[in-house]
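Enquirer: pasting the sequence and the predicted coordinates here, then a few questions.
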Amino acid sequence: MMAAGRAAELGRSVLLLEKNQKLGKKLLLTGGGRCNMTNNKRSIRAMAAQYKGSDQFLMSAFSQFDVVKTIDFFNSRGIETKEETEGRIFPSSNKAQSVLDALVKYMDKGGVEVKTNAIVSDIFLDEKKEYITVQLKGEKSFTARSCIIAAGGVSHPETGSTGDGFAWLEKMGHTIVKNNFVLVPIAVKDEWVKKLAGVALNDIKFTILHNGKRRGIQKGKVLFTHFGISGPTVLNMSKDVGELLHGGEVIINLDLFPKFDHGALKKILQKILIAESNKKLKNALGALIPSALVPAILAMTGINGETANHSIRHEDRIKLVKYMKEIPMHIEGLLGADKAIASSGGVALEEVNFKTMQSRIVPQIYIIGDALNINRPSGGYSLQLCWTTGFVAGSNIKNNYNV
């Protein structure tokens, strides 16, 4: 997506070039179709801190358009919002379409001209380096005093994010940090994981092991899928897991009961076994863990689930507790661009003025959103980056374009 300042007689309206047949193709995918609009971190410093390594650049941009202003913007345009776990903000409608509709209505009111199926083939400066020309596939081109590049990264290429913008920007002198996938589901080798597809567990502790050494701990939710695991916590650890895989074996241990140590969990298990002494072990374990997970635990421990609870040996109880505290998953790899929520890499931040989002290399260009080399966690931070940098660029861009 690109925007160019329009002719003076039409005020501050703009021309928006959209690669796809319709606007908002990627927006409609966010938050599982519900649109995780932002995260309720109302302190500018606290919000900027979520973008580790980039916070010093973003302070200026967030001071102009922060979370509070984002929520106010949408509320004033008929989008009621609600807060969910970990500060995630969604539209009360639970539909990304309602957010897109509000934005389209806002653009219509502001006189924005939208051209869809506009596939940009090149961008270049004139000989005097005063104007920018945007060349579409075919013979059509636009000349403008300035333009905003919002072409995204390389995640979900089916939505049009195929990295085109990086080629244009690099040709004009920008440094492009190598692009990779972040916020992407993780593929697991273990077959028992895939049999749990659709099962979600909350309040889980994840311990990442690399060649047998502990390399990180996370807490949160896990969603089992037909290929492995997903969910906000998994997405946030995926970049680190992907990097570790280049250097050897990666195992993620799941602790189903992080609030209890081995001794406390053993007492809980013992109490259940005594209370249901004549029942089979496979049925009693369902009082502790999801029934779908019981066969996997029994298979790992080698304990016969048909055994009556009163006959479970002491060493088997210890083994059950051990596995409920440390279920190993052997990591195969990360899924590809089509499953990635966001990609890393992009334009080097030192080459952008974050007070205006203007390029320091080519002043006619403003660069925003996923085109920038900014890593961010799952939880509404990608869209907030887009809202903020888009607002700053739109507030500072110079006008005028000609067909």
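Expert: Everything's here; your move.
Enquirer: so in this structure, which helix runs the longest?
Expert: helix 381-396 (DSSP state H).
Enquirer: low-confidence ranges, this protein, go.
Expert: 1-13, 153-163, 179-182, 336-344, 398-403 (pLDDT under 70).
Enquirer: domain parsing for it?
Expert: 2-182+338-402, 186-257+329-334, 272-326 (automatic domain parsing).
Enquirer: would you turn these into CSV with distance to residue 265?
Expert: For the C-beta atoms, the positions are set from N, CA and C on the backbone; glycine is no exception. Output for these, formatted as CSV (distance: least, C-beta to C-beta, whole Å):
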stretch, distance to residue 265
domain 2-182+338-402, 24
domain 186-257+329-334, 5
domain 272-326, 5
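Enquirer: so can I have TSV of the ones you listed showing mean neighbour count?
Expert: Shown next, in TSV, are these (neighbours: other C-beta atoms under 10 Å):
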stretch	mean neighbour count
domain 2-182+338-402	18
domain 186-257+329-334	17
domain 272-326	16
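Enquirer: run the chain-centre distance for the longest helix of the chain.
Expert: Put simply, helix 381-396 sits 16 Å off its chain's centre (C-alpha atoms, centre = their mean, to the nearest Å).
Enquirer: can I get that helix as PDB, trimmed to CA atoms?
Expert: What follows is helix 381-396, C-alpha atoms only, in PDB (Å, rounded to 0.1, in the frame of the first residue of the first chain):
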ATOM      1  CA  TYR A 381       1.800  -4.200  19.100                       C
ATOM      2  CA  SER A 382       2.100  -4.700  15.300                       C
ATOM      3  CA  LEU A 383      -1.100  -2.800  14.600                       C
ATOM      4  CA  GLN A 384      -0.200  -0.100  17.100                       C
ATOM      5  CA  LEU A 385       3.100   0.400  15.300                       C
ATOM      6  CA  CYS A 386       1.100   0.800  12.100                       C
ATOM      7  CA  TRP A 387      -1.400   3.300  13.600                       C
ATOM      8  CA  THR A 388       1.400   5.400  15.200                       C
ATOM      9  CA  THR A 389       3.900   5.500  12.300                       C
ATOM     10  CA  GLY A 390       1.000   6.000   9.800                       C
ATOM     11  CA  PHE A 391      -0.400   8.900  11.800                       C
ATOM     12  CA  VAL A 392       3.000  10.600  12.100                       C
ATOM     13  CA  ALA A 393       3.800  10.200   8.400                       C
ATOM     14  CA  GLY A 394       0.400  11.400   7.400                       C
ATOM     15  CA  SER A 395       0.700  14.500   9.500                       C
ATOM     16  CA  ASN A 396       4.000  15.500   8.000                       C
END
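Enquirer: which other helices and strands contact it?
Expert: strand 38-39, helix 55-64, helix 67-75, strand 147-149, strand 365-367 (3 or more C-beta pairs under 8 Å, 6 or more residues apart in numbering; DSSP states H and E).
Enquirer: what about the last one, distance to the chain center?
Expert: Which is strand 365-367. Centre-to-centre, strand 365-367 and its host chain are 23 Å apart (C-alpha atoms, centre = their mean).
Enquirer: and what of the third one?
Expert: Its chain's average C-alpha position is 20 Å from that of helix 67-75, according to C-alpha atoms, centre = their mean.
Enquirer: pretty sure residue 251 sits against residue 327.
Expert: No. Judged on C-beta atoms under 8 Å, residue 251 makes no contact with residue 327 at a distance of 10.3 Å.
Enquirer: how near is residue 258 to residue 325?
Expert: Separation of residue 258 from residue 325 (C-beta to C-beta, to the nearest Å) stands at 8 Å.
Enquirer: for residue 171, same thing?
Expert: To residue 325, residue 171 is 54 Å away according to C-beta to C-beta.
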